[in-house]
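Colleague: My questions are about this predicted structure, shown below with the sequence.
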Amino acid sequence: MRDDYFANPGDDGDFEDEDVDVDVDDREDFEAYADGEFAGHVSADEIQAGGGKTSKFSLAQVQLASDRLDLAGVIPKFAEWRAEDAKYRGGRKRIIGDRAILIACLLLLMDESPMLITEMANVFRFRLDDDAKRSLGVHEVVNTGVREVDEVRWFNRAWRAFHAVLDTMDPWPAPRRLHNRQERMELLNARDKNEVRRLQERLDWWSGAMLQMTFDIQPREVRRAWGGSLSVDQTAIKAPSQRGRLKLDDNKQEIPKFKADGTEKHVLVLEMEADYYLKKFTKPGGSIATQHNPEYNWSYMVDIVIQTASKPGIKADHPLLALSVGVSKPNEDIGGTTVRAIKSIQDRGHQISRLSADLGYSGGLKAENYNVPLKAMGVPIVTDYKKLQKGVQGEVGGALQVEGGHYCPSTPTGLLNASLDFDDGLIDKITWTKRMADRKAYRVRAKERPDADGHRPMMCPAVGPGATVECVLRDIHNKSSKKAKPFISKAKAPTVPDRICTQSSVDFGPHDGVEHEQLIPYGTEEWQATYKHDRNTVESYNEFLKAGPETLDKPEDRRVRGRAGQQFIVTMLLVSANIRKIARFVGDSLRIKPKIKRKRRRDTLGLSDYVRPDRQPKTVAAKKAAAKRAVLKKAQTPLQT
């Protein structure tokens, strides 16, 4: 099978078929074989498929795929983008258009086949019935009957059609061949950042439009059942080619290798936009505990944003779909990729109630690249913390910043350090959970909503009718509840009270504590249930995507060069996975469960003919009538064999 990233049929503007000499005798032998002269051997379709799938796609399947593309609204965009770029160089019109090649991709997904150029070519070559061919405008193309000729011609047509679509939204174009170190440096230095950003917006829009289509094909009541909760996760996928770059120096420049004669030893790389990803560490046996054997893959990173159930522990009334995706290099722009993915969802009109993410986001990203833009977008975060992020991390006006919140300076030390003590094994999980619940009473409260610039007045927890603690430094409000509250005595109060203890409120800026801020108080039962549920949901989807027919973890099924090509393929795989989830959900919802007819206890015990003594017939006439009914009932009862 031909590898797409090695195949380059020539200039994209030249759409003429290749001239190939056809051996008439070979064709006659082929036709005789296919017509049944050697009956019982191999069919003509099987010969053409070369052992692959031969099932036909019908007009109904083509129309379904076409309707989905129309719902996504992607087809007009390609013509619009080409007009903006003004790069069309003329030439013969392509036999396979934008709609046709994308329909072929969707048909392959329906058939659980990999989206390889060869498979796309086979769709047009012999897998469409006559009506389907006519609808896609390929019915007038005549095959020669020689497998090698038709295979090459249809491959070239499919290759050109696929890359005509992909090239309109590829931010990282490069010649489709191997590159040495110097060539890679020249290509990277020649790229215009504004052009990369412009084409990145196109690629992200396309991914969002295709995934939004899967959301829109759900019944209305199912769409409305989602409460806006999301979870994001990043997973590594191996690049189709594992030929990676050289090691980097401290300035992140490749360190060249040289031959014995002093000339540079070229290391050729095909996937320029991939990078090394540390798969795992293994510790070999022996006394050297520090010895490690790292295993790296030349990989891309995929950020997938998944719907989650609004209430943890309660089954969602909707399928949990992927709504956005981004592809990046390992350890590069994770925050930017995630923020763009979330913005794509918001731009489609969705309100986001929470976004759950693991330590790779909260503990490894700069706040200005992740927390700050998400807060500006109004997206609440639910996350975990690394050990270095736990405990007291600063203060604002005397209020101590601890794990996503600000607390009274007189909060007991055991409550402030509860997470650290749990990590060190000094307390168990039950004790930790209780202390986190008790700590909530000492948390400062908002006095008003944030203003237009994000500034928010916060007040001491002992102030106002909603006070959660009592303090010697504060008068008890006359409308405060009589419920017992923690009391801060003079001995526990600050010796030199700060603004949070003396003023009615303290101004908190938009960036105060933003790097640790999250929606639910950390460590509480609600946080534990929500975080665990959302993380399990996204991990389950990843497994669904890798173990199912989409086979995300098989690089041999994603043989398209470059990061844009990988995002295209991954997006289509997510479309397939989403549609499978919707079909399963709707099918389960519509399935009529058989009503179980329960037997009466008296029938189970063999007492169906039993009549209570007080209901026995009293008179002779009544006895005769009862006997007659018994005879009739017995006559109507079918014989048991």
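Modeller: Sure thing, it's come through. Numbering: from 1, shown residues only.

Colleague: C-alpha coordinates for the strand or helix carrying Arg439, CSV please?
Modeller: Here Arg439 sits within helix 429-439, counting by DSSP states H and E. Only the C-alpha atoms of helix 429-439 are listed here, as CSV (Å, rounded to 0.1, in the frame of the first residue of the first chain):
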residue,chain,number,x,y,z
LYS,A,429,-8.5,10.5,53.5
ILE,A,430,-11.5,10.7,55.8
THR,A,431,-9.7,13.2,58.1
TRP,A,432,-8.5,15.2,55.1
THR,A,433,-12.0,15.4,53.7
LYS,A,434,-13.4,16.5,57.0
ARG,A,435,-10.8,19.2,57.5
MET,A,436,-11.4,20.5,54.0
ALA,A,437,-15.1,20.8,54.8
ASP,A,438,-14.3,22.6,58.1
ARG,A,439,-12.0,25.0,56.3
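
Colleague: what separates it from the chain centre, distance-wise?
Modeller: Distance of helix 429-439 from the chain centroid (CA atoms, centre = their mean, to the nearest Å) equals 33 Å.

Colleague: Now do it: everything it contacts.
Modeller: Here helix 429-439 makes contact (CB atoms under 8 Å, 6 or more residues apart in numbering) with 402, 407, 411, 414-416, 418-419, 421-422, 427, 486, 521-525, 527-528. Placement of C-beta: from N, CA and C, glycine included.

Colleague: Got the phi and psi for Gly394?
Modeller: Torsion angles at Gly394 (phi, psi; degrees, to the nearest 10) stand at phi 140, psi -170.

Colleague: OK, contacts around it?
Modeller: Contacts of Gly394 by CB under 8 Å, 6+ apart are Leu400, Gln401, Gly513.

Colleague: List the buried residues for the helix or strand containing Glu221?
Modeller: Per DSSP H and E, Glu221 falls inside helix 220-224. Buried residues in helix 220-224, defined by neighbour count with 16 or more other CB atoms under 10 Å: Val222.

Colleague: after that helix, next one along is what?
Modeller: Next helix or strand after helix 220-224 toward the C-terminus (DSSP H and E): strand 229-238.

Colleague: Which is the succeeding secondary structure element to that next one?
Modeller: strand 257-258.

Colleague: Could I get the CA-only coordinates of the helix holding Glu221 as CSV?
Modeller: The C-alpha trace of helix 220-224 is given here as CSV (Å, rounded to 0.1, in the frame of the first residue of the first chain):
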residue,chain,number,x,y,z
ARG,A,220,-33.6,18.6,20.4
GLU,A,221,-34.4,17.3,23.9
VAL,A,222,-31.1,15.5,24.1
ARG,A,223,-29.1,18.6,23.0
ARG,A,224,-30.9,20.7,25.7
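
Colleague: now that helix, how far from the centre of its chain.
Modeller: That offset, for helix 220-224, works out to 20 Å (CA atoms, centre = their mean).

Colleague: Tell me, how many residues neighbour the residue nearest to Leu59 when sequence neighbours are not counted?
Modeller: Spatial nearest neighbour of Leu59, excluding adjacent residues (CB to CB, 6 or more residues apart in numbering): Asp131 at 3.9 Å. When counting by other CB atoms under 10 Å, one arrives at 14 neighbours for Asp131.

Colleague: Would you report the backbone torsion angles of Asp131?
Modeller: Asp131 adopts backbone torsions of phi -70, psi -40, taken as degrees, to the nearest 10.

Colleague: per-residue confidence for it?
Modeller: We have a pLDDT of 95 for Asp131.

Colleague: how near is it to Ala60?
Modeller: As judged by CB to CB, to the nearest Å, Asp131 and Ala60 stand 9 Å apart.

Colleague: now the longest strand seen in the chain and strand 229-238, what's the angle there?
Modeller: Longest strand in the chain, counting residues (DSSP state E): strand 295-307. Counting by axes from the mean of the first three to the mean of the last three CA atoms, to 10 degrees, strand 295-307 lies at 160 degrees to strand 229-238.
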